[in-house]
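A.B. asks: give me the fold of what follows.
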Amino acid sequence: MPELPEVETVRRGLLPVMEGARIARVEQRRADLRFPFPENFVARLQGAQILSLTRRAKYLLATLETGETLVMHLGMSGSFLIDATQPGAFHHASGPQHLEPKKHDHVRFEMSDGSVVTYNDPRRFGFMNLITDLANHALFKNIGIEPLGNELSGVFVLNAFTGKKAPLKAALLDQRIICGLGNIYVCEALFRARLAPFRAAGSLNLAQAETLSNTIRLVLEEAIVAGGSTLNDFSHADGTLGYFQHCFQVYDREGEPCVICQAPVLRKVQSGRSTFYCAHCQV
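C.D. replies: Below is the predicted model:
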């Protein structure tokens with residue numbers, strides 16, 4: 001599933017075409033994705049201006065002039081492709097305008113400048129919703145702080161994890177504490193911070209918590225600059241692929257030598273997810 005850097009990369013790709021533009025026409029090609037589309041989905045979107053395009057955790061948020069917010073989640077295999085009409089707006093054009101729909105093209109947004117944004121999702125684990133009261137909606141009311149925001153600090157991590165006996169990796173994946181973190185970047189951050197994923201979250205001291213918070217931010221920022229990680233189905237809004245997977249120091253490197261001590265990278269399943277780590281470097 002695309003993690004925060006991939007979703008942020010998609011947001012930045014969509015920004016020039018969608019933010020400030022008006023949705024001239026919407027084509028909805030099926031009744032549902034993971035969930036049914038909201039009632040009168042097309043009618044509520046057509047003609048509305050997108051005031052801003054932001055991200056919360058792994059959700060894309062298009063704030064509309066109507067007072068509603070279009071919430072979009074990529075699921076396992078969702079992607080947006082842009083057919084831009086503005087010369088030079090994108091380095092990688094997705095192809096000629098008004099292409100025939102592909103098999104898994106489920107929603108098509110025609111923008112006021114003639115650009116077209118198409119949502120494609122072979123597995124249909126993504127979804128879209130229209131929400132008025134975002135802060136009190138079930139998807140967002142219990143969500144944690146943003147890891148790229150100013151709230152993330154060593155003091156926050158120390159206080160949030162105090163007394164927690166859960167493994168450190170599990171605590172970092174708890175979306176009620178810090179939202180948007182996923183398996184890939186938590187593995188990478190813990191390795192770079194030299195912290196074992198299995199130790200109790202409440203065992204950190206302030207120095208370790210500060211190192212961890214700084215490392216989380218650094219890993220995410222590096223991944224965004226690299227365009228995210230291309231694992232399975234992920235691609236950018238312009239159809240290009242991410243490259244951070246070439247910078248993995250521990251994730252998906254089971255049996256390969258640790259980049260620091262040369263001991264083999266190990267893999268252990270935690271809560272159904274693969275944890276990659278170095279038993280020698282992470283304590």
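
A.B. asks: ok, L168 to L60 distance?
C.D. replies: 29 Å (C-beta to C-beta, to the nearest Å). Any C-beta I mention is one placed from the backbone N, CA and C, and that applies to glycine too.

A.B. asks: comparing these two, which residue is more hemmed in?
C.D. replies: Taking other C-beta atoms under 10 Å, L168 and L60 do not tie; L168 has more neighbours (26 against 21).

A.B. asks: pretty sure the more buried one is touching C187, no?
C.D. replies: No - L168 lies out of contact with C187 (C-beta atoms under 8 Å); the separation is 11.4 Å.

A.B. asks: which neighbours do the two have in common?
C.D. replies: P197 (C-beta atoms under 8 Å, 6 or more residues apart in numbering).

A.B. asks: which stretches in the stretch 151-283 of the chain count as strands?
C.D. replies: Applying DSSP state E, counting those that start in this stretch to the stretch 151-283 of the chain gives strands spanning 266-270, 273-277.

A.B. asks: highest mean neighbour count out of the ones you listed?
C.D. replies: Mean neighbour count (mean count of other C-beta atoms under 10 Å) peaks for strand 273-277 among the strands of the stretch 151-283 of the chain, with a mean of 19.

A.B. asks: that one - contacts with which helices or strands?
C.D. replies: Contacts defined by 3 or more C-beta pairs under 8 Å, 6 or more residues apart in numbering; DSSP states H and E place strand 273-277 against helix 183-192, strand 266-270.

A.B. asks: closest to L134 out of the strands of the stretch 151-283 of the chain?
C.D. replies: Nearest to L134 among the strands of the stretch 151-283 of the chain is strand 273-277 (28.6 Å), distances taken as C-beta to C-beta.

A.B. asks: who does the closest one pair up with?
C.D. replies: strand 266-270 (antiparallel) (DSSP bridges).

A.B. asks: how far does the strand it pairs with sit from the chain's center?
C.D. replies: 23 Å (C-alpha atoms, centre = their mean, to the nearest Å).

A.B. asks: so that strand versus helix 183-192, what angle?
C.D. replies: For strand 266-270 against helix 183-192, the angle by axes from the mean of the first three to the mean of the last three C-alpha atoms, to 10 degrees is 130 degrees.

A.B. asks: tell me the domain ranges of this structure?
C.D. replies: Domain segmentation of the chain under automatic domain parsing yields 4-131, 154-277.

A.B. asks: quick one: mean pLDDT for the shortest one?
C.D. replies: In other words, domain 154-277. For domain 154-277, the mean per-residue pLDDT is 88.

A.B. asks: returning to that earlier point: so for K141, which of the domains of the chain sits nearest?
C.D. replies: Judging the domains of the chain by C-beta to C-beta, what sits closest to K141 is domain 154-277, at 10.4 Å.

A.B. asks: next, the distance between the ends of that closest one.
C.D. replies: 22 Å (C-alpha to C-alpha, to the nearest Å).

A.B. asks: could you do stretch 59-74 as well?
C.D. replies: From start residue to end residue, stretch 59-74 stretches across 8 Å - C-alpha to C-alpha.

A.B. asks: stretch 119-129 too?
C.D. replies: 14 Å.

A.B. asks: wait, S52 sits on L64?
C.D. replies: No - taking contacts as C-beta under 8 Å, S52 lies outside contact range of L64: 9.4 Å.

A.B. asks: more neighbours: the two, which one.
C.D. replies: A count of neighbours by other C-beta under 10 Å puts L64 above the other of S52 and L64, at 19 against 13.

A.B. asks: what's the neighbour count on the closest residue to that one other than its chain neighbours?
C.D. replies: Nearest residue to L64 in three dimensions, chain neighbours excluded: A48, at 4.5 Å (C-beta to C-beta, 6 or more residues apart in numbering). By other C-beta under 10 Å, the residues close to A48 number 18.

A.B. asks: on that earlier part again, redo the strands of the stretch 151-283 of the chain as CSV? Include distance to G182.
C.D. replies: CSV is the format used below for those (distance: least, C-beta to C-beta, whole Å):
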stretch, distance to G182
strand 266-270, 13
strand 273-277, 9
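
A.B. asks: so which of those comes closest to I143?
C.D. replies: Across the strands of the stretch 151-283 of the chain, closest to I143 is strand 273-277 (C-beta to C-beta), at 19.9 Å.

A.B. asks: residue ranges for the helices of the protein, please.
C.D. replies: 4-18, 41-45, 154-161, 168-172, 183-192, 206-226 (DSSP state H).

A.B. asks: buried deepest among these, which one?
C.D. replies: helix 183-192 comes out most buried of the helices of the chain by mean count of other C-beta under 10 Å, with a mean of 24.
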